[in-house]
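**Student:** Sequence below, structure please.
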Amino acid sequence: MSAADGKLSPEEIDEFLAQPIIARIGTVKPDGAPHVAAMWQQWDGEAMWVIPRSRSSWFVNLSKEPRVCILCADDIDLDLPPIALPLIISDLRPTEAWA
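**Tutor:** Coordinates of the predicted model:
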C-alpha cells in the first residue's frame with residue numbers, strides 16, 4: 001500500500017481478492033430500500049464471480065435491478081490492519097445459468 005495516498009496497487013488488489021474473504025453485496029429491493037448480504041466470491045484476476053442461490057433475496061433483487069455495490073473486507077486475519085475494498089459493479093453480466 002502506498003504510504004503517500006493510502007491506495008492499494010493493482011498487484012495488492014489481486015492478492016487481497018484472491019484470499020478466501022467474505023464479500024458484502026448491496027442491492028436494491030423492489031420497494032427501493034437497500035439490502036446488504038454476505039456472500040462468497042471468487043476472483044480470477046479480472047472478474048469477480050458470485051454464485052447466488054436462486055431463492056436468495058439479493059438474487060431476486062438483481063433480477064429486477066442490476067445496480068449493485070460490493071464491499072470486500074479481510075475478516076480472517078485480525079492481526080493485520082483492516083482492509084476494506086469497495087467495488088462498484090456497473091456491468092453485471094449474468095451467465096447462461098442465471099436465467
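
**Student:** for the record, mean pLDDT for the helix or strand harbouring E12?
**Tutor:** Using DSSP states H and E, E12 sits within helix 10-17. Helix 10-17 comes out with an average pLDDT of 86.

**Student:** Does anything pack onto it? Which helices or strands?
**Tutor:** Secondary-structure packing of helix 10-17 (3 or more CB pairs under 8 Å, 6 or more residues apart in numbering; DSSP states H and E): strand 84-89. (C-beta placed from N, C-alpha, C; glycine too.)

**Student:** hang on, the earlier thing: using CSV, write out the CA atom coordinates for whichever helix or strand comes after the helix holding E12.
**Tutor:** Next helix or strand after helix 10-17 toward the C-terminus (DSSP H and E): strand 22-28. The C-alpha coordinates for strand 22-28 follow below in CSV (Å, rounded to 0.1, in the frame of the first residue of the first chain):
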residue,chain,number,x,y,z
ILE,A,22,-16.5,-12.9,2.5
ALA,A,23,-17.9,-10.1,0.4
ARG,A,24,-21.0,-8.0,1.1
ILE,A,25,-23.3,-7.2,-1.8
GLY,A,26,-25.6,-4.2,-1.6
THR,A,27,-28.7,-4.5,-3.8
VAL,A,28,-32.0,-2.5,-4.2
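
**Student:** ok so, going back, okay, angle between the helix holding E12 and strand 22-28 too, please.
**Tutor:** Put simply, helix 10-17 runs at 90 degrees to strand 22-28, going by axes from the mean of the first three to the mean of the last three CA atoms, to 10 degrees.

**Student:** Okay, and the beta partners of I70?
**Tutor:** In this entry, I70 is beta-bridged to I25, L87, by DSSP bridges.
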